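Novice: Fold the stuff below for me.
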Amino acid sequence: MTFDELLTKVRTKAQDADVSGVDFLAVQVNITGKNEGVFYVEVKDHRINVEPYEYYDRNCAVTMDMTNFNKLIDGKLDPILAFTTGKLKVDGDAGKALEFSKLLKS
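Specialist: Numbering: from 1, shown residues only. Okay, here's the model as predicted:
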């Protein structure tokens, strides 16, 4: 999967996400490895936005490789397990990272 394909997948999942209970959430996602890239997911005013840019005023940044990130958003990798085994790194508010992972899970 290329980075652009991943971004499209995240945007598609974001369309179906229920953000009615989220006031504000800004998470930068750093994908490492062969198809690396950076994007952010922002929930503001009960609307979700996914863009391929860095987000400096964020709640947290998560770093994962492409394979594990796909597993995470497909519901095949538990975010707590990923964090404790080092597959997921969080810079900032880990609670917001968990909220983010629940938002995009199938």
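
Novice: could you pull out the strands for this structure?
Specialist: Ranges of strands in the chain, per DSSP state E, are 24-32, 37-44, 47-51, 60-65, 89-92.

Novice: Quick one: work out the angle between the second one and strand 24-32.
Specialist: Going back to what we said before, that points to strand 37-44. Here strand 37-44 runs at an angle of 170 degrees relative to strand 24-32 (axes from the mean of the first three to the mean of the last three CA atoms, to 10 degrees).

Novice: which one of the strands of the chain lies closest to residue 76?
Specialist: strand 60-65 (13.1 Å; CB to CB). C-beta coordinates here come from the backbone N, C-alpha and C atoms, glycine included.

Novice: So in that sheet, which strands flank the closest one, and in what orientation?
Specialist: strand 24-32 (parallel), strand 89-92 (antiparallel) (DSSP bridges).

Novice: Which strands and helices lie in contact with the lengthiest helix in the chain?
Specialist: If you go by DSSP state H, the chain has its longest helix at helix 3-16. If you count contacts as 3 or more CB pairs under 8 Å, 6 or more residues apart in numbering; DSSP states H and E, helix 3-16 packs onto strand 24-32, strand 37-44, strand 47-51, helix 66-73, helix 94-104.

Novice: Columns distance to residue 82, mean pLDDT and mean neighbour count on top of the ones you listed, output as TSV?
Specialist: As requested, those are arranged in TSV below (distance: least, CB to CB, whole Å; pLDDT from 0 to 100; neighbours: other CB atoms under 10 Å):
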stretch	distance to residue 82	mean pLDDT	mean neighbour count
strand 24-32	13	96	19
strand 37-44	17	96	18
strand 47-51	20	94	15
helix 66-73	6	94	20
helix 94-104	9	87	18
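
Novice: Turn those into TSV, columns for distance to residue 83.
Specialist: Putting these into TSV (distance: least, CB to CB, whole Å) gives the following:
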stretch	distance to residue 83
strand 24-32	14
strand 37-44	18
strand 47-51	22
helix 66-73	10
helix 94-104	7
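
Novice: what sits against the closest residue to residue 22 other than its chain neighbours?
Specialist: Distance criterion CB to CB, 6 or more residues apart in numbering; nearest residue to residue 22, sequence neighbours excluded, is residue 43 at 4.6 Å. Shown in contact with residue 43 (CB atoms under 8 Å, 6 or more residues apart in numbering): 19, 22, 23, 24, 25, 26, 49, 103.
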